[in-house]
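Colleague: give me a model of this one.
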Amino acid sequence: MKVLVIEDDAETAAYVARGLKEHGHTVDVAKDGRDGLFLALGQDAGFDVVVMDRMLPGMDGLSVLKTLRAGGLATPVLFLTALGGVGDRVEGLEAGADDYLVKPFSFSELNARVNALARRPPVREGAAAALRVGDLELNRLQRNARRGERVLDLKPKEFQLLEFLMLNADRVVTRTMLLEQVWDFHFDPKTTIVETHISRIRAKLEAAGPGGPQILTVRGAGYMLVDQ
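Modeller: Prediction:
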């Protein structure tokens, strides 16, 4: 596969690039955020995965990621960073990252995570690209959602959360399922991150007009998206 490494520490960048090449991957390296953004958005870039530090000169990693996502680039991004607090991880995943690995790290774990991200199936053109529940429609290719004629202004994690709920419409999904599938948390961060995002999406659905799909709280179980 083709991997872009955006890392300003020369020693770390060389270590990661060398290891990935030894496993048969093609690797490009950028030493600052602006160069990394330029490479990622290049016409013939075609990267399968981006491995990126958060603390970068020129343009920080969060800004790079937000610009990539705003530009419609769905390439999986793994943050490789020394910022390892729960709040840092949440912030990175909120911005649209697909995975988060804290330094110091094991290369074997990094390689496994890169491979896992590359194995994620792309959204195919056709019926699978569009999800519909009542008058709520979500386009997985264009990364937008609307209720009727009104476009919903969703942040990256709100989009992923709504997507998962729509894929499981009329079925109960637990808080643990949402933490694992949307935030890739395999532990309880002891925050109200799920509840906060559910509340925001509910408000945006309601602002689009009366009626239509709603997110129900199933006491003691989780949440369910239904068309009422």
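
Colleague: name the helices or strands packed onto the lowest-mean-pLDDT helix or strand in the chain?
Modeller: Among the secondary structure pieces of the chain, namely its helices and strands, helix 86-94 has the lowest mean (mean pLDDT, DSSP states H and E), a mean of 82. In terms of contact count using 3 or more CB pairs under 8 Å, 6 or more residues apart in numbering; DSSP states H and E, helix 86-94 is assigned the packing partners helix 61-70, strand 77-81, strand 99-102, helix 156-167. Bear in mind the C-beta positions are built from the backbone N, C-alpha and C, glycine included.

Colleague: the same query, at a cut-off of 6 Å, please.
Modeller: Counting contacts by 3 or more CB pairs under 6 Å, 6 or more residues apart in numbering; DSSP states H and E, there are no secondary-structure elements packed against helix 86-94.

Colleague: give me the distance between it and the centre of its chain.
Modeller: How far helix 86-94 lies from its chain's middle: 11 Å, per CA atoms, centre = their mean, to the nearest Å.

Colleague: likewise for stretch 146-155?
Modeller: Put simply, stretch 146-155 sits 19 Å off its chain's centre (CA atoms, centre = their mean).

Colleague: for the nearest residue to Leu83 once chain neighbours are set aside, give its distance to Pro76.
Modeller: The shortest distance from Leu83 to any residue that is not its chain neighbour, by CB to CB, 6 or more residues apart in numbering, is 5.4 Å, and that residue is Arg54. Arg54 sits 16 Å away from Pro76, going by CB to CB, to the nearest Å.

Colleague: the two: which is more packed in?
Modeller: In this view Arg54 and Pro76 are compared by other CB atoms under 10 Å, and Arg54 has more residues nearby, 23 against 19.

Colleague: what comes into contact with stretch 42-62?
Modeller: The list of residues contacting stretch 42-62 from outside it, by CB atoms under 6 Å, 6 or more residues apart in numbering, reads 1-8, 32-34, 75-81, 83, 95, 114, 117-118.

Colleague: buried sites along that stretch?
Modeller: 47-54, 56, 59, 61-62 (16 or more other CB atoms under 10 Å).

Colleague: tell me the mean pLDDT over it?
Modeller: Confidence over stretch 42-62 (mean pLDDT, whole number) is 89.

Colleague: and the nearest residue to Glu163 once chain neighbours are set aside, how many residues sit next to it?
Modeller: Excluding its sequence neighbours, the residue lying closest to Glu163 (CB to CB, 6+ apart) is Leu138, at 5.9 Å. Here the number of neighbours of Leu138 (other CB under 10 Å) works out to 22.

Colleague: for Leu138, which three-state class applies?
Modeller: Using DSSP: H, G, I helix; E, B strand; the rest coil, the secondary structure recorded for Leu138 is strand.

Colleague: gap between it and Ile215?
Modeller: Applying CB to CB, one obtains 14 Å for the distance of Leu138 from Ile215.

Colleague: re earlier: next, give phi and psi for the residue nearest to Leu83.
Modeller: With angles defined as degrees, to the nearest 10, Arg54 sits at phi -90, psi -40.

Colleague: then Val173?
Modeller: Backbone torsions of Val173, given as degrees, to the nearest 10, read phi -120, psi 140.
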